[in-house]
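**Student:** here's a sequence, model it:
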Amino acid sequence: MGKKVNVWLDDKSLEIWEKIPSGERSNLIKDAIKKSATETKEDKKERLLRMKISEFEEHSRTLDVIEEKRDKLLIEINNLRDQSSLIEIDKDYFWGTICDVAGQYICGDIRYCSYSFKSKYSIAKIEQEKIYIHNLRTNRKNSNFSKKTVELAIDRLIANGGKIPIGDFIPVKMHEYTVVALHPRLYERNGYVCWISQDIVKIENDWIPEHEGKMPPNEWRTTENFLAVLIDGRKALIGQGRKIVIFFLESHNKMNEDSSSILDQIEMPFQTKHWSFILPGLMHWGHDYNFQKVIGFTNSKPVIRD
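**Tutor:** Numbering: from 1, shown residues only. Okay, here's the model as predicted:
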């Protein structure tokens, strides 16, 4: 049995109501109520379904993170158990080295880049055992890292046997770029930060041999006319004549974007007559702020981590 109810309508709704034939008004209201009840029930079910799917996806992401951390810990445990893979790094000496180089960067107005060479930075200052970074794109100078940050990074590097995925060495990208740029034994390669354990040489002008118009060897080794070096972690052979000539064995996003063989570079190696090692291990070339980290080896056939 039905019941009569009162419905309040505003002026605009009342105007529409009066246009509806009186015999159709009740059915119209009943249809609207039924439709609203059905939609409300479906909306609740849909909302609950979306909530459960979102909850499931969140737990899946959390599980992925936990599994990734577990895998990394297992690698570190195995590396630490394997005595042959352990590397030794003096933390105080390491920090002193990057502070010394950072001071030289400040004095020389030297700039360095991200791994992709797209972002540029310089050292703003060294203060209270912290190194401050100048982001040249944003002009911000407040980002900094401490000796403690570096010591934790060294622990992770040692636990990973001297080769650690980028981002795992130091979580803040700008800080990781800086430490890798400043320390001569660190380089980025194929998505990893790597440590050089063998004897290295920070190249200077007089280390570059005269190429005498000869071609370099087809492998990465030092000869009388070419020096095997790492330029920003990329294998290269370097010699000098009227110009400095560099044959890359791997792509370098700034100096040689194509990963070419020696034969492919016979006519077009990288070369310039405007070059100088303004610091040991740091080459400036061209007429702009172009600085590249160049490391050599005492061994004529060096071996590095790939």
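**Student:** contacts, neighbours, all on C-alpha from now
**Tutor:** Noted.
**Student:** for the stretch 151-300 of the chain, just list every one of the helices.
**Tutor:** 173-182 (DSSP state H, counting those that start in this stretch).
**Student:** any regions of it where pLDDT drops low?
**Tutor:** Where the stretch 151-300 of the chain drops to pLDDT under 70, the residues are 257-267.
**Student:** quick one: the strands in it, in order.
**Tutor:** Ranges of strands within the stretch 151-300 of the chain are 163-165, 186-189, 192-195, 200-202, 227-231, 234-240, 244-248, 270-272, 275-279, 282-285, 291-297, based on DSSP state E, counting those that start in this stretch.
**Student:** what strands line up against the first one, and which way round?
**Tutor:** Read that as strand 163-165. Using DSSP bridges, strand 163-165 pairs in its sheet with strand 192-195 (antiparallel).
**Student:** cool, and the second one?
**Tutor:** Taking DSSP bridges as the criterion, strand 186-189 sits next to strand 192-195 (antiparallel) in its sheet.
**Student:** distance from the strand it pairs with to the middle of the chain?
**Tutor:** Distance of strand 192-195 from the chain centroid (Cα atoms, centre = their mean, to the nearest Å) equals 12 Å.
**Student:** and for stretch 126-134?
**Tutor:** With Cα atoms, centre = their mean, you get 21 Å for stretch 126-134.
**Student:** for stretch 189-206, same thing?
**Tutor:** Centre-to-centre, stretch 189-206 and its host chain are 18 Å apart (Cα atoms, centre = their mean).
**Student:** quick one: end-to-end length of that stretch, please.
**Tutor:** Start-to-end span of stretch 189-206 (Cα to Cα, to the nearest Å) is 27 Å.
**Student:** buried residues in it, which are they?
**Tutor:** Using 16 or more other Cα atoms under 10 Å as the test for burial, stretch 189-206 gives 189, 192, 193, 194, 195, 196, 200, 201, 202, 203, 204.
**Student:** what is the most widely separated pair among those residues?
**Tutor:** Spatially, the most separated pair among these is 192 and 204, at 26.6 Å (Cα to Cα).
**Student:** what about the strands in the stretch 1-150 of the chain?
**Tutor:** With DSSP E, counting those that start in this stretch as the criterion, the stretch 1-150 of the chain has strands spanning 111-113, 120-127, 130-135, 140-146.
**Student:** redo those as a markdown table? Include mean neighbour count, distance to residue 248 and mean pLDDT.
**Tutor:** Formatted as a markdown table, the strands of the stretch 1-150 of the chain follow (neighbours: other Cα atoms under 10 Å; distance: least, Cα to Cα, whole Å; pLDDT from 0 to 100):
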| stretch | mean neighbour count | distance to residue 248 | mean pLDDT |
| --- | --- | --- | --- |
| strand 111-113 | 19 | 19 | 96 |
| strand 120-127 | 18 | 23 | 96 |
| strand 130-135 | 20 | 29 | 97 |
| strand 140-146 | 16 | 33 | 95 |
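**Student:** can I get these in JSON lines with distance to residue 10?
**Tutor:** Listed next are these as JSON lines, based on distance: least, Cα to Cα, whole Å:
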{"stretch": "strand 111-113", "distance to residue 10": "66"}
{"stretch": "strand 120-127", "distance to residue 10": "64"}
{"stretch": "strand 130-135", "distance to residue 10": "60"}
{"stretch": "strand 140-146", "distance to residue 10": "58"}
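**Student:** which among the buried residues of stretch 189-206 gets closest to residue 118?
**Tutor:** Of all those, residue 189 has the smallest distance to residue 118: 16.4 Å, by Cα to Cα.
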